[in-house]
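1. after the sequence you'll find the predicted model.
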Amino acid sequence: MSKAAESSATTTIIDPQLQTYRTALAQLLQRMQDLARDINNPDLAETTDSLRRSIDEPFLFVVVGEVKAGKSSFVNALLDAEVCATDIAPCTDSIQQIVYAAQDTVQQIEPHLRKIGRPIDILQDISIVDTPGTNSLVAGHQVITERYIPNSDLTFFV
């Protein structure tokens, strides 16, 4: 097996049949969006358009837990890389979404959302999110975390 084929075989973590489902869902959402336009329902058209555009996004794996429970260390161990800062004192102050990128990048998307890009193959299929945590003494950390959880495909509590 070639190195590229071996790498591809070992990094595909999502069932290949998922792409078939995504394609069928995209077609269904496109038909729904067309219907929404036909019946002049802009809210439904906007919702279906947003859903259709997000279908091919990587699986969103969100790591939550109490402050200093080891969330950032867990993410680093999972990726076998030092992506998230760790310290004795709480240091994750915003949602950190780790995504695939050809080169290392850090982009502040919103005041409480930072995208970190790394050239790690597994991130082509899954996006990992490190959260500030719950039971924090820092005002707002728990609220930031609680508001992000509904976006996840899978939430892992540390």
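-> Received, thanks.
2. so which elements touch the helix of greatest length in the chain?
-> What stands out as the longest helix in the chain, according to DSSP state H, is helix 17-38. Counting contacts by 3 or more CB pairs under 8 Å, 6 or more residues apart in numbering; DSSP states H and E, helix 17-38 is packed against helix 42-54. The way it works is simple: take the backbone N, C-alpha and C, and place the C-beta from them, glycine included.
3. tell me what angle the very next helix or strand once past the helix it packs on forms with helix 17-38.
-> Counting by DSSP states H and E, the next helix or strand C-terminal to helix 42-54 is strand 59-64. Here strand 59-64 points in a direction 100 degrees away from that of helix 17-38 (axes from the mean of the first three to the mean of the last three CA atoms, to 10 degrees).
4. quick check: end-to-end length of stretch 33-52?
-> Start-to-end span of stretch 33-52 (CA to CA, to the nearest Å) is 9 Å.
5. buried residues, that stretch. List them.
-> Gln33, Ala36, Ala45, Thr48, Asp49, Arg52 (16 or more other CB atoms under 10 Å).
6. show me the two of those that sit farthest apart.
-> Ala36 and Arg52 (11.4 Å; CB to CB).
7. mind checking the SS state of Ala81?
-> coil (DSSP: H, G, I helix; E, B strand; the rest coil).
8. how near is it to Asp153?
-> Taking CB to CB, to the nearest Å as the criterion, Ala81 is separated from Asp153 by 22 Å.
9. before we move on, what about Val67?
-> 24 Å.
10. Gln17 and Ile122: what is the separation?
-> Applying CB to CB to Gln17 and Ile122 gives a distance of 19 Å.
11. Glu46 now?
-> Going from Glu46 to Ile122 by CB to CB gives 33 Å.
12. same question, Asp104
-> 16 Å.
13. more neighbours, the two?
-> Applying other CB atoms under 10 Å to Asp104 and Ile122 shows that Ile122 carries more neighbours, namely 17 against 10.
14. please verify my assumption that the more buried one contacts Leu79.
-> Yes: applying CB atoms under 8 Å, one finds Ile122 in contact with Leu79, separated by 7.2 Å.
15. Val67 contacts Thr145, correct?
-> No: using CB under 8 Å as the test, Val67 is too far from Thr145 to be in contact (9.8 Å).
16. where in the protein is pLDDT low?
-> Applying pLDDT under 70 to the chain flags the ranges 1-15, 87-93, 135-144.
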